[in-house]
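for reference, the sequence and a predicted model appear below.
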Amino acid sequence: MPLYTPTTPTVLLCQRLAEYVRAAWHPIAPSGVDWDFFKRLGDADALASSKLDGRQVLFFPTRYSWEPMDRASNGYDHEVTALVVERYTDGPGDPPRDWTAARVDFVHDRIVKGLRFVQSAPAPWNSNLVSRAGRAEVLDVAKLVGTGRLFYATVELEFTELVS
Amino acid sequence: MSLLVIGAEGGFYQNGGTWGQPVWAENLLIKDVKVNLPFDFAEFTDRSVALKRYKKSLADVAVQATVRADPTLAAYQALVLAALTRNTFLDLLILNTKRTVVGGVGVRGNFVLSMQEEPQVLADGVYTTFDLKPTDDAGGNILYAVQVADVAGALSTLSNFAY
């Protein structure tokens, strides 16, 4: 069955962001990058479909709005949520600080800085897409110190795109 | 049949041909247009009538157009060049509908342009506002009020502002 190609600009943007991060990061399996509308994250004994292996980066379309920018084009404001998750499995006990810091830096470097598209350095697939703003949750501490020992960080990204 | 006319469906056309044989290209970078066509009134009053009477005298035409700045497109470049040079003027057709809507009204004429402002706000799109004033070309063509006559875009002349 051929893959479905979305037509909603915000959903299509999530697909493009996943492709872009995948090409820049080159994740080694089982780590990966994808987009979706939701993602079940099971515990270590969960079903294979929801079992979390490696570092996963996921893009979710959150919200979009639009208004005319000129007589032929609309400006779409896209709100996208990026989720970076990885389970600590290197040993017993809490993850060491440096392990966590490396993941926090991954979020900043690959997601926040990596997806900051400006006029002088636009998105390679669309010169009419620019980054507006963003907000990152450094990590969810409860999930990290809980039994799941899950690094879980979300970034809310805002983009504006000129759509004819 | 009534028609709801909104600004987004107005027509702002630039002539790539000649005055006698125009080739109209629509400028789709337009955001807002404001067309002001006021006449001054000259009073003529005498004792025969107990009423002030007026004739139209001079028309003081002013058009303002706000355009999304895209320096990569020829339509924007033409407006900026006309605004930043002293002697360049443009032959424009400015209607309150597209050229395909019969009954649409506007002006056709030669305009000199001035760049009124271009705010460059940090995170917003850049728009340039131009002031347009009528001028004449070598053939004495200045400004006409026009109306769309058919769906092919033919125009009928309502009046000559110059006379």
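Perfect, thanks for sending it.

tally of neighbours for residue B:125?
Residues lying near residue B:125 (other CB atoms under 10 Å in any protein chain shown) number 15. Yep, even glycine has a C-beta here, placed from its N, CA and C like the rest.

check contacts around it.
Contact analysis of residue B:125 by CB atoms under 8 Å, 6 or more residues apart in numbering or on different chains lists A:69, A:75, A:160, B:68-69.

which of these lies closest to residue A:90?
Nearest to residue A:90 out of the contacts of residue B:125 is residue A:160 (CB to CB; 40.8 Å).

quick check: the closest one vs residue B:9, distance?
Distance of residue A:160 to residue B:9, given as CB to CB, to the nearest Å: 24 Å.

now, the contacts of residue B:125 that are in strands?
Per DSSP state E, strands hold the following members of these: A:75, A:160, B:68.

just to revisit the earlier point, ok, residue A:160 and residue B:9, which is more surrounded?
Under the criterion of other CB under 10 Å, the comparison of residue A:160 against residue B:9 puts residue A:160 first, with 20 against 15.

tell me the bridge partners for that one.
Taking DSSP bridges as the rule, residue A:160 bridges to residue A:77, residue A:130.

for it, what are its contacts?
Counting by CB under 8 Å, 6+ apart, residue A:160 touches A:75-78, A:129-130, A:132, B:125.

what's downstream of the longest helix that chain A contains, the next helix or strand?
Looking across chain A with DSSP state H, the single longest helix is helix A:9-25. Moving toward the C-terminus from helix A:9-25, the next helix or strand (DSSP states H and E) is strand A:32-35.

pull out the buried positions in that next one.
Residues of strand A:32-35 classed as buried: A:32-33, A:35 (neighbour count, 16 or more other CB atoms under 10 Å in any protein chain shown).

and if you look at stretch A:113-121?
For stretch A:113-121, a neighbour-count test (16+ other CB under 10 Å) marks A:114-115, A:117 as buried.

now do that stretch: everything it contacts.
Under CB under 8 Å, 6+ apart, the answer for stretch A:113-121 is A:17, A:20-21, A:24, A:82, A:123, A:129-131, A:134, A:157, A:159.

returning to that earlier point: let me have the ones in strands among the contacts of residue B:125 in a markdown table, extended by pLDDT and distance to residue A:52.
Shown next, in a markdown table, are these (pLDDT from 0 to 100; distance: CB to CB, whole Å):
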| residue | pLDDT | distance to residue A:52 |
| --- | --- | --- |
| A:75 | 96 | 37 |
| A:160 | 96 | 33 |
| B:68 | 97 | 45 |
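
wait, which of the residues you listed is closest to residue B:80?
Nearest to residue B:80 out of these is residue B:68 (CB to CB; 12.5 Å).

surely the closest one meets residue B:127?
Yes. Between residue B:68 and residue B:127 there is a contact under CB atoms under 8 Å: 5.7 Å.

show me the common contact partners of the two, please.
Contact criterion CB under 8 Å, 6+ apart; residues shared by residue B:68 and residue B:127: residue B:31.

now residue A:4: phi and psi?
phi -80, psi 130 (degrees, to the nearest 10).

would you put the C-alpha positions of stretch A:75-94 in CSV?
Only the C-alpha atoms of stretch A:75-94 are listed here, as CSV (Å, rounded to 0.1, in the frame of the first residue of the first chain):
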residue,chain,number,x,y,z
GLY,A,75,0.4,33.1,5.3
TYR,A,76,0.0,29.9,7.3
ASP,A,77,1.2,30.0,10.9
HIS,A,78,2.2,26.4,11.8
GLU,A,79,2.5,25.1,15.4
VAL,A,80,4.4,21.8,15.6
THR,A,81,5.5,19.8,18.6
ALA,A,82,8.8,17.9,18.5
LEU,A,83,9.2,15.1,21.0
VAL,A,84,12.6,13.6,21.8
VAL,A,85,12.5,10.4,23.9
GLU,A,86,15.1,7.9,25.0
ARG,A,87,15.1,5.3,27.8
TYR,A,88,18.2,5.1,30.1
THR,A,89,19.3,1.5,29.9
ASP,A,90,23.1,1.8,30.5
GLY,A,91,22.9,0.5,34.1
PRO,A,92,21.0,0.5,37.3
GLY,A,93,20.0,3.7,39.2
ASP,A,94,19.4,7.2,38.0
